[in-house]
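> using only what follows, build the 3D model:
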Amino acid sequence: MNVTWSNSSFVEEPNMEEVLRKYFDLYDTTMQVKKDNYILRKKLALVESEKNEAKVEHQSYLDNGEKLCHTPNLKIRMIIELGHE
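Okay, here's the model as predicted:
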């Protein structure tokens with residue numbers, strides 16, 4: 001820091017090298033955060049997509065199971081199987 005006197009007061013002037021170094025450190029950190037944020041958004045989109053696919057697949061299994069349970073012979077077999085457990 002450079003020291004100067006102004007109107008009978010002590011004033012510290014910032015060291016330009018230090019200011020620029022801090023600025024570039026902050027800039028680099030900002031760029032890394034933006035990059036990380038972009039990667040996380042992509043991962044989140046993939047997870048959301050996989051979640052939706054699993055939800056549709058699970059609902060399909062439930063729907064198919066309900067259709068099968070409406071068949072009289074299958075209902076009887078299921079009751080018999082549950083009774084033997």
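
> show the average pLDDT along the helix or strand residue 49 falls within.
Assigned by DSSP states H and E, residue 49 belongs to helix 16-69. The pLDDT scores in helix 16-69 average 90.

> tell me how far it lies from the chain's centre.
4 Å (CA atoms, centre = their mean, to the nearest Å).

> measure residue 34 to residue 21 for me?
Separation of residue 34 from residue 21 (CB to CB, to the nearest Å): 21 Å. For every residue, glycine as well, the C-beta is placed using N, CA and C.

> can you verify residue 82 is assigned to a helix?
Yes: counting by DSSP: H, G, I helix; E, B strand; the rest coil, residue 82 is part of a helix.

> and it, what pLDDT?
For residue 82, pLDDT reads 72.

> and it, how close does it get to residue 62?
Residue 82 sits 18 Å away from residue 62, taking CB to CB as the criterion.

> ok, residue 49 next?
Distance from residue 49 to residue 62, by CB to CB: 21 Å.

> lovely, talk soon.
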